[in-house]
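Peer 1: Make a model of this:
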Amino acid sequence: MTATSKSPPKLLLVEGGREAGLQDALSLREVSLSYQTDRGEIPALKNLTFGIKEGEFVSILGPSGCGKSTVMKILSGLLRPTSGEATIAGAEVKGPRADVGIVFQQPTLLPWKSNLENVLVPIRAQHLPIEPNRRRALELLDLVGLGDFSSHYPQDLSGGMQQRVGIARGLVNDPKVLLMDEPFAALDAMSRENMMAELQRIWMATQKSILFITHSIPEAVFLSDRVITFSGRPGRVVDEIAIDLPRSRDISTMSMPEFNQYCFHLRSLFSDRL
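Peer 2: Numbers count the residues shown, from 1 in each chain. This is a model prediction of the structure:
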């Protein structure tokens, strides 16, 4: 069965999935990027155009090597596109920015620092005042359910708890946009489901604009307002759908017929079009 023979409920184009009047939190316009190697030029992205609105949760799905992480590097200011433009809050991204938070696949916590001090790493790196941000860091640790572990060290925590510290660290400088690069990929299935619910709770509490990379179709559908599907290399947008499921979502959401239809549609894109 092809993607066109069974579409998810209320399949919406990009414009239909956004609230009118909201500003772009980030955007890419005709972005292409090629890597130069000893064996020649390798195109990673081609004419990539999409954006997310303020407070929107958007996931990117795509096969390995399609440029998903390259998009993150461009938006975080670590790479400049070969052509096109990336913007955050309307300003072109020309280098690393203090108003962009990043959560990596691995939490990359410093084992000799307490969890509180790990959250404060971006504050110290930017030479910002410590005391007001210490209060914010403690509030964020409480928000992610680790208020009682601020003085503990990463080795005292499970993998999921360490990733919560990573999320608090990504939020500590109150970024306009939070970039999340497969943050739950290393977790077991049960921990991953728990973290999906936790991330949704944190996002609903903070209303940050989140761009989330994942290889998990159910994870993308559960978390997202919209899901953007990339082609194989060079990465380009081949599909965008709005996920019209009520919030807040819980484990019962994953048994809804509509949820499974969205998942079916996205799986069919990988088998039929990519």
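Peer 1: so where is the stretch 101-250 of the chain shaky, pLDDT-wise?
Peer 2: Within the stretch 101-250 of the chain, no range satisfies pLDDT under 70.
Peer 1: and stretch 106-116, how far from the chain's centre?
Peer 2: 21 Å (Cα atoms, centre = their mean, to the nearest Å).
Peer 1: ok, residues contacting it?
Peer 2: 117-118, 121, 134, 137-138, 141, 146, 149-155, 157, 162-163, 165-166, 186 (Cβ atoms under 8 Å, 6 or more residues apart in numbering). Where C-beta positions appear, they are placed from N, C-alpha and C, glycine not excepted.
Peer 1: just the buried members of those?
Peer 2: Buried residues within the contacts of stretch 106-116, counting neighbours by 16 or more other Cβ atoms under 10 Å: 117-118, 121, 134, 137-138, 141, 146, 149-150, 153-154, 157, 162-163, 165-166.
Peer 1: so where do the helices sit in the stretch 101-250 of the chain?
Peer 2: For the stretch 101-250 of the chain, the helices defined by DSSP state H, counting those that start in this stretch occupy 115-119, 121-125, 130-143, 159-171, 189-206, 217-223.
Peer 1: Let's have those in TSV, adding distance to Val238.
Peer 2: Shown next, in TSV, are the helices of the stretch 101-250 of the chain (distance: least, Cβ to Cβ, whole Å):
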stretch	distance to Val238
helix 115-119	38
helix 121-125	35
helix 130-143	36
helix 159-171	29
helix 189-206	25
helix 217-223	15
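Peer 1: right, so of these, which gets closest to Glu85?
Peer 2: Nearest of those to Glu85, taken as Cβ to Cβ: helix 159-171 at 24.3 Å.
Peer 1: The closest one to helix 130-143, inter-axis angle?
Peer 2: 140 degrees (axes from the mean of the first three to the mean of the last three Cα atoms, to 10 degrees).
Peer 1: now what about helix 159-171, what contacts it?
Peer 2: 101-104, 107-109, 115, 118-119, 121-122, 137, 140-141, 143-146, 149, 154, 157, 178, 180, 183-184, 186-187, 191, 194-195, 198-199, 202, 206, 208.
Peer 1: rerun that using 7 Å as the cut-off
Peer 2: When contacts are defined by Cβ atoms under 7 Å, 6 or more residues apart in numbering, helix 159-171 is touched by residues 101-104, 107, 109, 115, 118-119, 121-122, 137, 140-141, 144-146, 154, 178, 183-184, 186-187, 191, 194-195, 198, 202, 206, 208.
Peer 1: And stretch 229-237, by the same measure?
Peer 2: With Cβ under 7 Å, 6+ apart as the test, stretch 229-237 has contacts from 43-50, 60-63, 65-68, 228, 238-239, 266, 269, 274.
Peer 1: which of these count as buried?
Peer 2: Taking 16+ other Cβ under 10 Å as the criterion, what is buried in the contacts of stretch 229-237 is 44-46, 48, 50, 60-62, 66-68, 228, 239, 266, 269.
Peer 1: which one of the residues you listed sits closest to His215?
Peer 2: Looking across the buried ones among the contacts of stretch 229-237 and measuring by Cβ to Cβ, the closest to His215 is Leu61, at 7.3 Å.
Peer 1: now the closest residue to that closest one other than its chain neighbours, which residues is it bridged with?
Peer 2: Residue nearest to Leu61 in three dimensions, not counting chain neighbours: Thr229, with 5.0 Å by Cβ to Cβ, 6 or more residues apart in numbering. Legend: beta-bridge partners of Thr229 under DSSP bridges are Leu61, Asp239.
Peer 1: From Val93, how far off is Thr229?
Peer 2: 23 Å (Cβ to Cβ, to the nearest Å).
Peer 1: Could you do Glu117 as well?
Peer 2: 29 Å.
Peer 1: What of Glu193?
Peer 2: Computed with Cβ to Cβ, the distance linking Glu193 and Val93 is 33 Å.
Peer 1: and if you look at Ala197?
Peer 2: Distance of Ala197 to Val93, computed by Cβ to Cβ: 31 Å.
Peer 1: sorry, back to before: compare Glu193 and Val93 (neighbour count), which wins?
Peer 2: Neighbour count, other Cβ atoms under 10 Å: between Glu193 and Val93, Val93 has more, with 21 against 18.
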